[in-house]
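Student: Structural data only, the sequence is not supplied:
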């Protein structure tokens, strides 16, 4: 069984085997290892985490995680979002997690192999403020990334760093040098009690229309605090994304910039 973490913050990586845009996405090869394993390796580099698990509905994914020295948590196959899968995994692991409802659970998307571990630590630090119930990451768009791409989710924040809205459409309208668009990096952190609350709520119309699970929180009045930094990553949703990720991985490995 997993050992009890030494920190109140833990990470759970949801990894659903079947994806309509990229079949068997977690098991796609990236530099000689499955994609989900690359995400697990990067997540483990965050200094603030006391434990990392992979939540999956597939024994094949579970076997890949075990082969890499990780611990899978087997969950149902019918979850509508990664949030719901993470919530089930957290409940199954409850005796291994900090029982305090204010403890922090990170939801690290299983298709972010270039995530910046410093971003995970930044998220955890936000929870030093007692009013923070949920948080996520954002980054400036890279020069070669197109804000008009519907696979690149945008976020608009208020002056206090709280999310106003997320969309696949270009927002804000008329963005320019004084108001550049922000790329949403699909990693979330919640108080344990907030995670359970969200999972008990049905998907909302905005969430369904945009296909963005975080809108369930805004719809129900839960503030999302946004940590902005040099956290740009490549989320892998399509075969084209995977090809681009493989090119980046090969280039980084040649320069010694990726831990193999």
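Tutor: It's in. Since the model is a prediction, treat every value here as computed from it, not as a measurement.
Student: remind me, longest helix of the chain?
Tutor: Scanning the chain for the longest helix, with DSSP state H as the assignment, gives helix 239-254.
Student: what's it packed up against?
Tutor: Secondary-structure packing of helix 239-254 (3 or more C-beta pairs under 8 Å, 6 or more residues apart in numbering; DSSP states H and E): strand 29-30. Heads up, the C-betas are built off the backbone N, CA and C, glycines and all.
Student: quick one on the thing from earlier: what's next to the longest helix of the chain, contact-wise?
Tutor: 22, 28, 30, 31, 113, 114, 151, 234, 235, 236, 258, 260 (C-beta atoms under 8 Å, 6 or more residues apart in numbering).
Student: What's the separation between the nearest residue to the fourth one once chain neighbours are set aside and residue 46?
Tutor: So that's residue 31. Closest residue to residue 31 apart from its sequence neighbours, by C-beta to C-beta, 6 or more residues apart in numbering: residue 249 at 4.7 Å. Using C-beta to C-beta, to the nearest Å, residue 249 is found at 20 Å from residue 46.
Student: These two: which is more packed in?
Tutor: Between residue 249 and residue 46, residue 46 has the larger neighbour count (other C-beta atoms under 10 Å), namely 23 against 20.
Student: which residues sit in contact with the more buried one?
Tutor: 11, 117, 118, 120, 121, 124.
Student: So of those residues, which two are at opposite extremes in space?
Tutor: Farthest pair in these (C-beta to C-beta) is 11 and 118. Separation: 14.0 Å.
Student: Now for residue 160, how many residues are close by?
Tutor: Residue 160: 8 surrounding residues under other C-beta under 10 Å.
Student: re earlier: so residue 11 and residue 118 - more neighbours on which side?
Tutor: When residue 11 is set against residue 118 and neighbours are counted by other C-beta under 10 Å, the residue ahead is residue 11, at 28 against 15.
Student: Report all helices and strands that the host helix or strand of the more buried one contacts.
Tutor: For residue 11, the host element (DSSP states H and E) is strand 9-15. Here strand 9-15 touches helix 35-43, strand 52-56, helix 82-92, strand 104-108, going by 3+ C-beta pairs under 8 Å, 6+ apart.
Student: for the third one, the distance to its chain's centre please.
Tutor: The one in question is helix 82-92. Relative to its chain's centre, helix 82-92 lies at 13 Å (C-alpha atoms, centre = their mean, to the nearest Å).
Student: Check which helices and strands that helix sits against.
Tutor: Counting contacts by 3+ C-beta pairs under 8 Å, 6+ apart, helix 82-92 packs against strand 9-15, strand 52-56, strand 104-108, helix 192-199.
Student: In a markdown table: the helices and strands packed on strand 9-15, plus mean pLDDT and distance to residue 222.
Tutor: Listed next are the helices and strands packed on strand 9-15 as a markdown table, based on pLDDT from 0 to 100; distance: least, C-beta to C-beta, whole Å:
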| stretch | mean pLDDT | distance to residue 222 |
| --- | --- | --- |
| helix 35-43 | 97 | 24 |
| strand 52-56 | 97 | 21 |
| helix 82-92 | 92 | 12 |
| strand 104-108 | 96 | 14 |
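Student: now those in CSV, with distance to residue 183 and mean neighbour count?
Tutor: Shown next, in CSV, are those (distance: least, C-beta to C-beta, whole Å; neighbours: other C-beta atoms under 10 Å):
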stretch, distance to residue 183, mean neighbour count
helix 35-43, 18, 25
strand 52-56, 24, 26
helix 82-92, 18, 23
strand 104-108, 17, 26
